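1. Next comes the sequence, and after it the predicted model I'd like to discuss.
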Amino acid sequence: MKQRILVAEDDTNIRHVLKIQLEGADYEVVTAEDGIKALEEVSWHSPDLILLDIMMPKMDGYEVCRRLKADFHTSNIPIIMLTAKSAVNEKVEGLEVGANDYLTKPYSSKELLARVKSLLQWSRTEREANPLTGLPGNVSIEKELRRRVDSKEPFVFAICDVDYFKAYNDHYGYARGDQAIKMTASVITEAVEELGTGEDFIGHIGGDDFVYITTPEKADLLGERVTAEFNQRVNFLYNEADRRKGYIEVSNRRGEVERFGPMTITVALVNSESHKIVHFAQVSAIAAELKAYGKSLPGSVVVKERRTEQERVSDAKTGT
């Protein structure tokens, strides 16, 4: 489906040229010649991005932008302000009312299309991000995994799962559970930023499940850093009395009280070089198998597939 762009511009010639340029770049375009009409078009067409002229009749671009950003239903639509004015205070005013970018006339078609493309990509990533951690969510994870598989370049897909998180969440409540999730996100993000390649990917599947994608050379080092740092920070999430005891008590569904030690983390590594990966679903299946094995082990662990793909298929057939 084509992405839809609203062009709100009172100059007929400029509006026509913008429409041609954007349609030539394979966008769907709707237009408005004044501020009131722009608000109506947003309501009718729900554009993915708005090119908004500042000096328009009936309502100027500043007020249109202010109203759109104040409305929950339209606040996330990215806006590029268009103006013939280049004074700094004009740009500042546009940004203060919520504009995402600014383009001063005259501008080249190449620059316009580059800014539109960049802002649409940013907007898509923002919509796909996990609301708690801000990390890319499932759509972005799948997209990145597909890209890595298609590129044929070796990679390692790591899935990170917090052990005993449900017990912690039940014992301390959702607010403290969110703190644990944010702490885990920080541990993984900091490790990848410090020790990764600069082109690594981090994502948040949801709940206590995270992923990162890196090179085979960096995978073990990152896994070791994540487990070590998690172990160092996790105790601060518990009350002093529970830290002294070394466990928390939580009632299960049958009303029986169970004891759970401090949360740990399992990092399961899937190396594309060890398998004939032709589809991203293969990676997910292997990761799930490894994660289940890792969670059966005590403490925070890094687990990886040591069998070849042929051995893994053979073992699956024989049930070993």
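-> The structure has been received and is ready for your questions. Numbering: from 1, shown residues only.

2. Name the residues of the lengthiest helix in the chain that are buried.
-> Taking DSSP state H as the criterion, the chain has its longest helix at helix 174-195. For helix 174-195, a neighbour-count test (16 or more other Cβ atoms under 10 Å) marks 177, 180-181, 183-185, 187-189, 191-192 as buried. C-beta coordinates here come from the backbone N, C-alpha and C atoms, glycine included.

3. got those as CSV, with distance to R233 columns?
-> Compiled in CSV, these are given as follows (distance: Cβ to Cβ, whole Å):
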residue, distance to R233
G177, 15
A180, 10
I181, 13
M183, 6
T184, 9
A185, 12
V187, 7
I188, 12
T189, 13
A191, 12
V192, 16
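
4. Grab the nearest non-local neighbour of L119.
-> Nearest in space to L119, with sequence neighbours left out and distances taken as Cβ to Cβ, 6 or more residues apart in numbering, is P78 at 4.7 Å.

5. What distance do you get for the one you found to P47?
-> In this structure, P78 lies at 10 Å from P47, with Cβ to Cβ, to the nearest Å as the measure.

6. Between those two, which has more neighbouring residues?
-> Per other Cβ atoms under 10 Å, whichever of P78 and P47 has more neighbours is P47, with 24 against 20.

7. In a strand, the more buried one, correct?
-> No: P47 is assigned coil when assessed by DSSP: H, G, I helix; E, B strand; the rest coil, not a strand.

8. could we number from 85 for the rest of this?
-> Okay, using 85 as the starting number, the last item reads as P131.

9. wait, isn't it in contact with K86?
-> No: no contact is recorded between P131 and K86 when judged using Cβ atoms under 8 Å, the distance being 11.3 Å.

10. What residues of stretch 186-193 count as buried?
-> Neighbour counts over stretch 186-193 (16+ other Cβ under 10 Å) mark 186-187 as buried.

11. How far off centre is it?
-> 30 Å (Cα atoms, centre = their mean, to the nearest Å).

12. now stretch 160-171
-> Using Cα atoms, centre = their mean, we find the averaged C-alpha position of stretch 160-171 to lie 26 Å away from the chain's own average C-alpha position.

13. Could you list the buried residues of that stretch?
-> In terms of neighbour count (16+ other Cβ under 10 Å), stretch 160-171 has its buried residues at 161-167.

14. As TSV, the residues you listed with secondary structure would be great.
-> Supplementary listing: these in TSV, determined by three-state DSSP:
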residue	secondary structure
I161	coil
P162	coil
I163	strand
I164	strand
M165	strand
L166	strand
T167	strand
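
15. I'd like those written out as CSV, with distance to E180 and pLDDT added.
-> Conversion of these to CSV gives the following (distance: Cβ to Cβ, whole Å; pLDDT from 0 to 100):
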residue, distance to E180, pLDDT
I161, 17, 89
P162, 16, 92
I163, 13, 94
I164, 16, 93
M165, 11, 89
L166, 17, 87
T167, 14, 80
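
16. Out of those, which comes closest to Y322?
-> For the buried residues of stretch 160-171, the closest approach to Y322 (Cβ to Cβ) belongs to P162, at 42.0 Å.

17. before we move on, back to that, who does the helix or strand that comes right after the longest helix of the chain pair up with?
-> Taking DSSP states H and E as the definition, the helix or strand that follows helix 258-279 towards the C-terminus is strand 285-290. Here strand 285-290 is paired, per DSSP bridges, with strand 293-298 (antiparallel).

18. Excluding chain neighbours, give the residue nearest to the residue at minimal distance from the centre of the chain in space.
-> Centroid check for the chain by Cα atoms, centre = their mean gives P220 as the closest residue, at 1.2 Å. Closest residue in space to P220, ignoring its immediate chain neighbours: G287 at 4.6 Å, by Cβ to Cβ, 6+ apart.

19. residue contacts, the one you found?
-> If you count contacts by Cβ atoms under 8 Å, 6 or more residues apart in numbering, G287 has them with 219-222, 224-225, 228, 294-296.

20. mind checking how far it is from V354?
-> Distance, G287 to V354, by Cβ to Cβ: 14 Å.

21. just Y322 next, same as before
-> Separation of Y322 from V354 (Cβ to Cβ) stands at 32 Å.
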